[in-house]
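Undergrad: take this sequence and fold it.
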Amino acid sequence: MDLKVNLGKDSYKIYIKQGLLDHILEHIEPLCKGKQVMIISDDQVYSHYGQKLTQQLSQCYRVGQVIIPHGEQSKRFDILPDIYHQLLAFHLTRSDAIIALGGGVIGDLAGFVASTFLRGVQFIQIPTSLLAQVDSSVGGKVAVDLPEGKNLVGAFKHPGAVFIDPLTLKTLDQRYINDGMGEVIKYGCIFDQSLFQQLLSYTSFDDLYQDIDEIIYRCVDLKRIVVEKDLLDFGDRLALNFGHTLGHAIEQYYHYEKYSHGEAISIGMVQLSLIAEKKGLTQKGTANQIKKALDLYHLPSVAHIPTEELKKAMALDKKNINQKLSFVLLKEIGDCFIYPSDLSFIDESREV
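TA: Next comes the predicted model:
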């Protein structure tokens with residue numbers, strides 16, 4: 001299965017196929033016209049797939065590797081100089097390419113490096129986590145974190161292509177399958193009630209995995225539609241932030257150590273919906289429906305953090321424009337809307 005994100009000169013294709021990594025060179029060779037490629041990956045992912053990718057690419061390219069420790073803590077602004085030095089030592093040029101091999105952290109970090117090194121080099125995404133496959137590898141948003149908050153230094157850098165091999169999910173810890181399901185559930189909540197109901201029907205991950213290609217395709221297609229309408233995240237694309245305004249603040253509160261991204265936005269989706277229900281903006285019982293789905297995939301729905309503490313992080317959110325935030329709320333499952341307000345919106349709840 002494949003899709004095309006139609007963005008004029010920045011258009012690119014997304015390929016979804018089990019076993020795709022075994023034949024990746026035939027897809028990359030037509031895209032990368034330079035003589036060198038640099039793989040950016042983390043220690044865990046590279047141990048699984050790095051040698052396979054390097055062996056294939058070495059048939060046509062001089063191949064280098066930048067390997068960083070896994071985890072959100074590596075998506076720091078202060079890690080950048082060391083990566084740039086490694087690219088310089090490798091003599092990577094503007095005609096060469098960077099390949100992101102990993103989950104959302106690697107995709108964001110490698111994409112930001114590609115957008116800034118030598119004022120921009122070609123960039124290819126090979127997402128290996130469910131979260132990256134259904135969401136972060138598509139759309140061109142790349143960034144690194146500051147101590148004050150997540151993704152505060154970033155750019156729009158569209159990949160030359162995205163290659164999704166669902167077989168990579170078999171090497172993930174179950175926690176990170178569940179983490180990705182937080183984003184999948186989000187898509188059902190904001191756009192697709194039938195997808196949401198489908199996710200409630202599975203009794204085990206084995207059952208889910210039978211349909212994983214189609215689930216990934218559906219989520220990517222939904223994101224493609226939104227990105228084509230709103231490239232720079234000021235209109236329809238804001239809907240993709242459902243749960244993220246609270247979720248990012250929760251991640252930062254715990255210094256990215258307690259909750260994964262998918263876990264944090266899961267809490268955000270439920271808690272924001274509870275607040276919206278109290279205000280009469282969301283259909284009663286919606287938060288409980290979301291919680292029911294999250295429970296199936298062992299995702300949390302409450303963090304017990306004082307609201308006042310989260311507001312400090314939310315004040316620095318990059319989507320906080322002129323002291324206004326665009327909260328993504330649900331009328332009901334599958335039907336979302338944007339609700340402009342300020343930080344007082346979450347005062348309805350003493351803790352999240």
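Undergrad: tell me where this structure has strands.
TA: Assigned by DSSP state E, the strands in the chain fall at 2-5, 12-16, 36-42, 62-68, 97-102, 122-127, 141-146, 149-156, 161-164, 325-332, 335-341.
Undergrad: partners of the last one, with directions?
TA: Take DSSP bridges as the rule and strand 335-341 pairs in its sheet with strand 325-332 (antiparallel).
Undergrad: residues in contact with the strand it pairs with: which ones?
TA: 189-190, 193, 238-245, 272-273, 276, 281-283, 286, 314, 317, 319, 336-343, 345 (Cβ atoms under 8 Å, 6 or more residues apart in numbering). Bear in mind the C-beta positions are built from the backbone N, C-alpha and C, glycine included.
Undergrad: what's the mean pLDDT across that strand?
TA: In this model, strand 325-332 has an average pLDDT of 93.
Undergrad: what is the neighbour count of residue 203?
TA: Neighbour count for residue 203, taken as other Cβ atoms under 10 Å: 8.
Undergrad: what do you get for residue 30?
TA: Residue 30: 9 neighbours (other Cβ under 10 Å).
Undergrad: quick check: pLDDT value at it.
TA: 94.
Undergrad: shaky segments in this protein?
TA: For the chain, the stretches with pLDDT under 70 are 231-235, 317-323.
Undergrad: how does it divide into domains?
TA: For the chain, automatic domain parsing gives the domain ranges 2-171, 179-348.
Undergrad: now do the contacts for the closest residue to residue 269 other than its chain neighbours.
TA: With Cβ to Cβ, 6 or more residues apart in numbering as the measure, residue 243 is the residue that lies nearest to residue 269, at 3.6 Å, once sequence neighbours are left out. Going by Cβ under 8 Å, 6+ apart, residue 243 touches 182, 186, 265-269, 272, 328.
Undergrad: out of those, which is most surrounded?
TA: Counting neighbours by other Cβ under 10 Å, residue 266 leads the contacts of residue 243 with 32 neighbours.
Undergrad: residue nearest the middle of this protein, spatially speaking?
TA: residue 136 (2.7 Å; Cα atoms, centre = their mean).
Undergrad: now that residue: closest residue in space, sequence neighbours ignored.
TA: Leaving out its chain neighbours, the residue that sits closest to residue 136 by Cβ to Cβ, 6+ apart is residue 104, at 4.0 Å.
Undergrad: any idea how far the one you found lies from residue 265?
TA: As judged by Cβ to Cβ, to the nearest Å, residue 104 and residue 265 stand 12 Å apart.
Undergrad: number of nearby residues for residue 14?
TA: 25.
Undergrad: and the residue nearest to residue 285 when sequence neighbours are not counted, what does it touch?
TA: Once flanking residues are discounted, residue 285 sits nearest to residue 277: 7.9 Å by Cβ to Cβ, 6+ apart. Going by Cβ under 8 Å, 6+ apart, residue 277 touches 283-287.
Undergrad: I only care about those residues that end up buried; give me the PyMOL line for that.
TA: This is the PyMOL syntax for the buried subset of the contacts of residue 277, where burial follows 16 or more other Cβ atoms under 10 Å:
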select buried, resi 283+286+287
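Undergrad: in helices, which of the contacts of residue 277 appear?
TA: 286-287 (DSSP state H).
Undergrad: just the helices in the stretch 151-300 of the chain please.
TA: 174-190, 193-200, 205-210, 212-229, 244-253, 261-278, 286-296 (DSSP state H, counting those that start in this stretch).
Undergrad: now residue 194: how far from residue 344?
TA: Counting by Cβ to Cβ, the gap from residue 194 to residue 344 is 35 Å.
Undergrad: quick one on the thing from earlier: make a markdown table from the contacts of residue 243 and add distance to residue 303 to it.
TA: What follows is those, written out as a markdown table (distance: Cβ to Cβ, whole Å):
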| residue | distance to residue 303 |
| --- | --- |
| 182 | 14 |
| 186 | 17 |
| 265 | 11 |
| 266 | 10 |
| 267 | 5 |
| 268 | 9 |
| 269 | 12 |
| 272 | 12 |
| 328 | 19 |
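Undergrad: which one of these sits closest to residue 118?
TA: Nearest to residue 118 among those is residue 265, at 33.9 Å by Cβ to Cβ.
Undergrad: contacting residues around the closest one?
TA: 182-183, 186, 242-244, 246-247.
Undergrad: please redo it, this time with the cut-off set to 10 Å
TA: The contact partners of residue 265, taken as Cβ atoms under 10 Å, 6 or more residues apart in numbering, are 131, 179, 182-183, 185-186, 241-248, 250-251, 259, 272, 299.
Undergrad: contacts only, for the residue nearest to the centre of the chain.
TA: Per Cβ under 10 Å, 6+ apart, neighbours of residue 136: 103-108, 111, 125, 127, 129, 142, 180, 183, 223, 261.
Undergrad: with residue 52 instead?
TA: Residue 52 sits next to 21-22, 24, 101 when contact means Cβ under 10 Å, 6+ apart.
Undergrad: what is the burial count for residue 146?
TA: Neighbour number of residue 146 under other Cβ under 10 Å is 15.
Undergrad: likewise for the one 5 residues further on?
TA: Applying other Cβ under 10 Å, we find 19 residues neighbouring residue 151.
Undergrad: I figured it hits residue 145, correct?
TA: Yes. Using Cβ atoms under 10 Å, residue 151 is in contact with residue 145, at 6.4 Å.
Undergrad: what is in contact with the two at once?
TA: Applying Cβ under 10 Å, 6+ apart, one finds that residue 151 and residue 145 are jointly contacted by 75, 108, 248.
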